[in-house]
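In: predicted model and sequence follow; I will ask about them next.
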Amino acid sequence: MTGRLLGIIIVASAAIAGVGVWYLQVHAYYQKVDAPEVVLTSVVTGQPERIPAGNASAIDAKSSPLRYRACFTTPYSQATLAESYVTYGGAVPLNAPGWFDCFDATALGAALESGLAIALLGKAGVHDGVDRVVAVFDDGRAFSWHQLSGERRD
């Protein structure tokens, strides 16, 4: 009986720890960003410039600079954006928590690879060694995330 009780305690402890780790990774640290600032780096000035963004929804976490994700729309076309703002080579969207359902990193990555979406530099150095990347589809849907600047390949 003692072995069975010990086994139950070990399994229950592992299950509780597993649920705790899952909750901390997926829910605990994320916060909604009320009014996300959408900026792109100008080709002319090299400085970030605010662009119009509608239907914006964003999340972030203080626990890591890489947890930022945003979804929004912009009235600018891809052609206008590509001429006016710095493009970002090697953009790789990072997964968002499942409950932030407007951001699908897999579909976005495929769209970037196929050319359906273009990647632009939002702002270099938002945190030490981290850039904000913005990807835009021709229909105006746009997404933003933070990426390690070491992954940037121009």
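Out: All right, it came through fine.
In: then stretch 18-25 to CSV, C-alphas only?
Out: This file holds the C-alpha atoms of stretch 18-25, laid out as CSV (Å, rounded to 0.1, in the frame of the first residue of the first chain):
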residue,chain,number,x,y,z
GLY,A,18,3.0,20.2,-15.6
VAL,A,19,-0.2,22.2,-15.5
GLY,A,20,1.6,25.0,-13.6
VAL,A,21,4.4,25.2,-16.2
TRP,A,22,1.8,25.2,-19.1
TYR,A,23,-0.2,28.0,-17.5
LEU,A,24,3.0,30.1,-16.9
GLN,A,25,4.1,29.7,-20.5
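In: average pLDDT for it?
Out: What stretch 18-25 shows for mean pLDDT is 74.
In: what's the answer for stretch 82-98, then?
Out: 94.
In: enumerate the positions of it that are buried.
Out: 84-86, 88, 91-94, 96 (16 or more other C-beta atoms under 10 Å). For every residue, glycine as well, the C-beta is placed using N, CA and C.
In: endpoint to endpoint, it covers what distance?
Out: 31 Å (C-alpha to C-alpha, to the nearest Å).
In: what's the answer for stretch 122-134, then?
Out: For stretch 122-134, the separation between the terminal residues is 6 Å (C-alpha to C-alpha).
In: average model confidence for that stretch?
Out: 93.
In: who's in contact with that stretch?
Out: Stretch 122-134 is contacted from outside by 38-41, 48, 65-66, 68, 88, 91, 93, 119-121, 142-150, 152, using C-beta atoms under 8 Å, 6 or more residues apart in numbering.
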